[in-house]
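Asks: when you get a sec, could you give me coordinates for this:
(one chain, ligands or ions: 2)
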Amino acid sequence: MDRLEISAPPVPRSEEVLTPEALAFVADLDARFHDRRDELLAARRERRAETARTGTLDFLPGTADVRAGDWTVAAVPADLRDRRVEITGPTDPKMAINALNSGARVWLADLEDANTPHWRNVVGGQLTLRDAVRGQLSFTSPEGKHYAVADPARTPVVLPRPRGWHFDEAHLAAGGRPVVAALVDFGLHFFHNARELLAGGSGPYYYLPKLESHLEARLWNDVFTHAEAALGVPHGSVRATVLIETITAAFEMDEILFELREHAAGLNAGRWDYLFSIIKNFRDAGPAFTLPDRNAVTMAAPMMKAYSDLLVRTCHRRGAFAIGGMAAFIPSRRDPEVNERAFAKVREDKTREASAGFDGSWVAHPDLVPVCAEVFDGVLAGRDNQLDVLRDDVAVSAADLLAIDRTPGERTEQGLRGNVRIGMQYLHAWLSGNGAAGIDNLMEDAATAEISRSQVWQWVHNGVRLDTGEVVTHDLVERIVAEEHTALDGTVDDDARRLFVECALDEDYPDFLTLQAYDVLLARGD
Ligand SMILES: CC(=O)SCCNC(=O)CCNC(=O)[C@H](O)C(C)(C)COP(=O)(O)OP(=O)(O)OC[C@H]1O[C@@H](n2cnc3c(N)ncnc32)[C@H](O)[C@@H]1OP(=O)(O)O
Ligand SMILES: O=CC(=O)O
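Replies: Ligands and ions are numbered 1, 2, ... in the order given. Okay, here's the model as predicted:
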């Protein structure tokens, strides 16, 4: 097995997480699983080519017995049985402490879409998580404000979200080949914290992003099984909540839970990446597959309702938790009107999820924790979850999941301009080290920015006609980019503008915006 070579700028305290033993553990994971990861990425490309050819998707004939079978996932551990409100956010120490003090039941500690993978963020996130497990997390702002965990006995259960299978960590190489980033994020966290978490009555729990098939879930399951054995912790200690946030995974919810049945805790309806995946997969399938303005697509759209109902039904039939997604409205402590609107919108969204049978849901900001908690308290009425709500009334077909053309809403110039503006602003924030940003009172992260740039690509390639009568063309987008960039008055740098144009307009559609942006980070020496 090759030793890991680090080629990265120095990060304070990195020696605490990049120990020889931890690096050897990650090197072993990479040596064992890298080639299978590569094969699965190739399978993604083949499947997408098939979707481009046929313009459709369906449930897999080869796994009908799994869908029909009578099985459940392993019983969910005691500290994960009440997930009525989960806060998500980056892992810098201040945000981490605020999340731990937020009153949520779970903190999704994001090493993925809310995080720019600067090496200092990759290492810094691990340090934060390690300190949190040991009750050693504290932070003093440059202004001298001190942050500490208020009541260590009442902090949320922490579920880190490693990066997706598509990402490589350029700062760590084995035999000259960059290491799979998901294995770096998971491996370092598991190595340093699994035993401590178990000793404290919890466990190594994770959110898994961007899976496209049950075979990718099988790979995670094998990684968990091997990691547990290698560290001598009991099999089944790891518990994963899988984001169902690609259209292909929506056709394999049962299969994904089945593959992970000894390690699964639930599924989450990751709506933003889901929309990105729909656009990505059907980007060249014709005008019937073009979605209306990004902000007009709600969870009430028939295809979104079908997806979330199917998720609740699948989870509860299998004894797994169904966790709702992110309403993007964020409150403002300075503007009461913005605040009121955010509270109303989030309340509406959480009420819909609670009445659909979800066991809990996500919020993006500490001020939204009480809103979500109140809605779920109301529906739970003394119970910890809604596993007893089986949703036998739900029957979802492939056509229901693919009812893209039944999504109400207009395609407007304002929507196009919004995509361009937000895309450029987000990329600027990402390149500056902030993977999540509040823009126009909405939470933006990699997933929402992916929708923005992909929608522009799709509208150009399908000649969408806007409310103004104008047809979306390459030239129109170039003109709008120039106008919006000028209006942003020097707040978006040239790299962000160029990246946006590349990701929205290149004939050869880039698979992931963050991969393109990562190259810019590396070129800058980050
Ligand atoms: C599609 C998906 O994948 S969703 C999941 C991934 N995305 C996320 O996790 C985004 C989570 N949210 C955030 O990162 C933030 O809320 C943002 C960037 C959108 C807005 O953050 P800010 O501009 O700092 O908001 P605001 O100024 O209102 O914050 C007020 C306080 O709340 C804190 N705060 C805001 N959001 C969070 C959060 N998610 N977790 C912890 N603390 C938070 C801020 O740190 C700030 O603390 P302070 O008063 O001690 O300085
Ligand atoms: O990761 C969550 C999403 O909505 O995307």
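Asks: once you drop chain neighbours, what's closest to the closest residue to ligand 2 within the stretch 351-500 of the chain?
Replies: For the stretch 351-500 of the chain, the residue closest to ligand 2 is residue 447, as judged by CB to the nearest ligand atom, at 3.6 Å. Just so you know, the C-beta spots here come from the backbone N, C-alpha and C atoms, and that holds for glycine as well. Counting by CB to CB, 6 or more residues apart in numbering, residue 272 is the residue found nearest to residue 447 once chain neighbours are left out, at 3.8 Å.
Asks: quick revisit: element containing the residue of the stretch 351-500 of the chain closest to ligand 2, please.
Replies: helix 446-461 (DSSP states H and E).
Asks: and that helix, anywhere near ligand 1?
Replies: Yes - judged by CB under 6 Å from any ligand atom, helix 446-461 and ligand 1 are in contact via residue 447.
Asks: would you pull up the residue in the stretch 51-200 of the chain closest to ligand 2?
Replies: residue 113 (5.9 Å).
Asks: nearest residue to the middle of this structure?
Replies: In the chain, the residue lying closest to the centroid (CA atoms, centre = their mean) is residue 209, at 5.1 Å.
Asks: quick one: stretch 89-98 near ligand 2?
Replies: No - Stretch 89-98 is not in contact with ligand 2 by CB under 6 Å from any ligand atom; minimum separation 12.3 Å.
Asks: how about the residue of the stretch 351-500 of the chain closest to ligand 2, what does it touch?
Replies: Applying CB atoms under 8 Å, 6 or more residues apart in numbering, we find residue 447 in contact with 113, 245, 270, 272, 273, 276.
Asks: and it, what pLDDT?
Replies: On pLDDT, residue 447 comes in at 97.
Asks: same check on residue 526?
Replies: Model confidence at residue 526 (pLDDT) stands at 79.
Asks: tell me how many other residues crowd it.
Replies: Neighbours of residue 526 under the rule other CB atoms under 10 Å: 19.
Asks: repeat that for residue 232.
Replies: 8.
Asks: phi, psi for it please.
Replies: Dihedral pair for residue 232: phi 70, psi 30, per degrees, to the nearest 10.
Asks: can you name the residue of the stretch 101-250 of the chain nearest ligand 2?
Replies: For the stretch 101-250 of the chain, CB to the nearest ligand atom, closest residue to ligand 2: residue 245, 4.8 Å.
Asks: residue 268: what secondary structure?
Replies: Following DSSP: H, G, I helix; E, B strand; the rest coil, residue 268 is assigned to strand.
Asks: ok, the closest residue to it other than its chain neighbours - how many residues close by?
Replies: Among residues not flanking residue 268 along the chain, residue 323 sits closest, at 4.3 Å (CB to CB, 6+ apart). Residue 323 has 28 neighbouring residues, counting by other CB under 10 Å.
Asks: residues in contact with the closest residue to residue 59 other than its chain neighbours?
Replies: Distances taken as CB to CB, 6+ apart place residue 251 nearest to residue 59, at 5.2 Å, with adjacent residues excluded. Neighbouring residues of residue 251 by CB under 8 Å, 6+ apart: 57, 58, 59, 60, 398, 401.
Asks: what does residue 414 give?
Replies: Residues near residue 414 by CB under 8 Å, 6+ apart: residue 293.
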